[in-house]
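coords please:
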Amino acid sequence: MTHASHDTDAGRFGSFGGCFVPEVLRPALEEIAEAWERYGDDADFREELAHYGRTYVGRPTPLFEATNLTEHLGGARIFVKLEGLAHTGAHKINNALGQALLAKRMGKTRVIAETGAGQHGVATATAAAALGLECEVFMGAVDARRQVPNRFWMECMGATVRQVHEGTATLKDAVNAAMRHWTERIEDTHYLLGSALGPHPYPTMVRTFQAVIGRELREQLAERGVDRPHTIVACVGGGSNAIGVFHEFVGDADVRLVGVEAGGRGTGRGDNAVRMSGDGRPGIVQAYRSLFLLDDDGQVLPTHSVSAGLDYPGIGPELAHLGTTGRIDFASATDDETLAAVRLLAQKEGILPALESAHAVAHATKLAPDLTHDDALVVNLSGRGDKDLFIMAEALDRDAWRAFLRDELARMDADDEANA
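Numbering: from 1, shown residues only. Presented below is the predicted three-dimensional model:
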């Protein structure tokens with residue numbers, strides 16, 4: 001869905017944001033906006049969400065001082081916000097539970113979602129199971145193939161996973177499919193969008209649910225005697241983890257905020273997902289205005305990243321605004337740099353980051369040596385790497401992984417023959 005039938009001034013971040021949807025979806029967006037206005041600041045709603053955060057998600061997530069990595073790199077004290085220790089293994093559960101609770105208050109009985117790396121899909125399936133909602137998740141066929149563990153977990157929790165084969169069969173195509181489906185089931189269905197993008201009120205709503213990360217971080221740093229960090233680094237696909245940790249500090253002009261995009265396998269078109277620090281152009285795609293990777297005719301370009309969650313051609317409108325105005329700096333990390341960062345953090349601290357999060361780790365390793373030990377450098381580790389086993393094992397130890405899979409297939413075939 002790339003065309004607008006109507007535009008409002010709501011949800012604007014400078015020249016970005018807005019609500020560009022066909023008329024068939026306008027009532028649904030208005031219903032969500034009204035519900036968000038009603039419940040967003042409602043004390044009972046906020047307490048219920050906080051209760052789930054404490055008793056189900058595991059908030060607050062730890063802030064870990066990575067002393068081994070600090071000693072290895074020299075320079076800044078490195079802190080890691082461990083969102084991967086939240087229930088389901090990533091920050092995505094913060095937003096999924098918030099929107100699922102909102103959906104129940106709206107009288108919806110089912111939720112749908114898009115997913116790339118699968119973490120949002122797992123979080124949505126989890127929230128739906130906990131709250132008694134039907135769940136359907138749209139996932140690009142390419143991502144479904146490379147994220148088998150998360151697809152399996154979604155189905156275990158009762159969600160229906162719809163593989164999308166159109167286009168590049170990745171995240172943007174999953175979003176398109178989910179939005180098309182939504183037009184057929186508006187009355188009983190809430191589209192639980194996973195990142196801080198899309199039409200108003202999603203960018204504001206998702207950012208609000210994820211802002212708990214930054215609030216916790218400020219308190220945890222203060223407990224360590226750190227008045228404010230020198231730099232905060234987060235990976236950026238659509239941008240929910242980044243805006244979640246950055247939002248608390250946007251008003252602190254002396255805190256540097258750095259978003260790290262997917263540098264992929266190179267600088268050529270289709271080889272990366274670098275929007276802010278690359279060739280992003282203003283456009284309207286999937287019902288919002290932001291910066292996207294577009295060709296000269298305004299068509300969305302293919303993207304590539306070793307991490308399915310960063311393999312997206314656009315960026316949330318608030319991040320686009322903060323980037324173009326200079327409040328947030330943007331950089332990128334290549335696939336190879338990302339895989340090296342996975343190995344480094346695992347070996348130095350015993351922490352296995354998600355491939356998305358490892359982009360932030362990779363760039364932080366470049367920043368730290370140029371700072372002093374009086375400077376605190378925070379990496380928002382948005383998720384853990386369990387979900388990436390198939391990708392990491394192939395990339396980091398291909399021969400051993402192939403031998404394991406071959407042996408497992410032989411064992412399964414032998415079992416089948418024995419039980420025939």
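
contact partners of the longest helix anywhere in the chain?
The longest helix of the chain (DSSP state H) is helix 398-419. For helix 398-419, the external contacting residues (CB atoms under 8 Å, 6 or more residues apart in numbering) are 393, 394. Any C-beta I mention is one placed from the backbone N, CA and C, and that applies to glycine too.

and if we set it to 10 Å?
389, 390, 392, 393, 394, 395, 397 (CB atoms under 10 Å, 6 or more residues apart in numbering).

Can you tell me, leaving aside adjacent residues, what's nearest to residue 294?
Distance criterion CB to CB, 6 or more residues apart in numbering; nearest residue to residue 294, sequence neighbours excluded, is residue 281 at 4.7 Å.

For the stretch 301-420 of the chain, which segments are assigned as strands?
328-334, 376-381 (DSSP state E, counting those that start in this stretch).

Touching, residue 134 and residue 192? I think so.
No. Checked against CB atoms under 10 Å, the pair residue 134 and residue 192 is beyond contact range at 11.9 Å.

Which one of those two is surrounded by more residues?
With neighbours defined as other CB atoms under 10 Å, residue 134 and residue 192 compare such that residue 192 has more, 31 against 15.

residue contacts, residue 163?
Contacts of residue 163 by CB under 10 Å, 6+ apart are 137-145, 151, 169, 174, 177.

And it, how far from residue 314?
22 Å (CB to CB, to the nearest Å).

Ok, residue 225 next?
From residue 225 to residue 314 the distance is 39 Å (CB to CB).

Which one of these two is surrounded by more residues?
Between residue 225 and residue 314, counted using other CB under 10 Å, residue 314 has the larger neighbour count: 30 against 7.

picking that back up, most neighbours among the contacts of helix 398-419, which one is it?
Most surrounded of these: other CB under 10 Å gives residue 392, at 22 neighbours.

ok, and the closest non-adjacent residue to residue 173?
That would be residue 167: by CB to CB, 6+ apart, it lies 4.0 Å from residue 173.

residues in contact with the one you found?
Contacts of residue 167 (CB under 10 Å, 6+ apart): 140, 142, 173, 174, 176, 177, 300, 302.

do the same with residue 186
24, 25, 27, 28, 29, 31, 108.

Just the buried residues from these, in ChimeraX please.
In ChimeraX syntax, the buried subset of these is picked out as below (16 or more other CB atoms under 10 Å):
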select :25,28,29,108
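
Now compare the contacts of residue 186 and name the two farthest from each other.
24 and 108 (17.3 Å; CB to CB).

which stretches of the stretch 251-400 of the chain form helices?
For the stretch 251-400 of the chain, the helices defined by DSSP state H, counting those that start in this stretch cover 317-324, 335-349, 355-367, 389-396, 398-419.

what would those look like in a markdown table with distance to residue 90 and mean pLDDT?
Converted to a markdown table, those look like this (distance: least, CB to CB, whole Å; pLDDT from 0 to 100):
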| stretch | distance to residue 90 | mean pLDDT |
| --- | --- | --- |
| helix 317-324 | 18 | 98 |
| helix 335-349 | 15 | 98 |
| helix 355-367 | 8 | 98 |
| helix 389-396 | 15 | 92 |
| helix 398-419 | 23 | 95 |
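
quick one, which of these is packed in tightest?
helix 355-367 (a mean of 28; mean count of other CB atoms under 10 Å).

and the angle for it with strand 376-381?
Put simply, helix 355-367 runs at 160 degrees to strand 376-381, going by axes from the mean of the first three to the mean of the last three CA atoms, to 10 degrees.

and helix 355-367, how far out from the chain's middle?
15 Å (CA atoms, centre = their mean, to the nearest Å).

Just want the angle from it to helix 389-396.
Using the same axes, to 10 degrees: helix 355-367 against helix 389-396 is 50 degrees.

Go ahead and produce CSV holding the CA coordinates of helix 355-367.
The C-alpha trace of helix 355-367 is given here as CSV (Å, rounded to 0.1, in the frame of the first residue of the first chain):
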residue,chain,number,x,y,z
LEU,A,355,22.0,-10.0,14.7
GLU,A,356,20.0,-6.7,14.8
SER,A,357,21.4,-5.7,18.1
ALA,A,358,24.9,-6.7,17.0
HIS,A,359,24.9,-3.9,14.5
ALA,A,360,24.9,-1.5,17.5
VAL,A,361,27.6,-3.5,19.2
ALA,A,362,29.7,-3.3,16.0
HIS,A,363,29.6,0.5,15.9
ALA,A,364,30.1,0.9,19.6
THR,A,365,33.4,-0.9,19.3
LYS,A,366,34.5,1.8,16.9
LEU,A,367,33.3,4.6,19.2
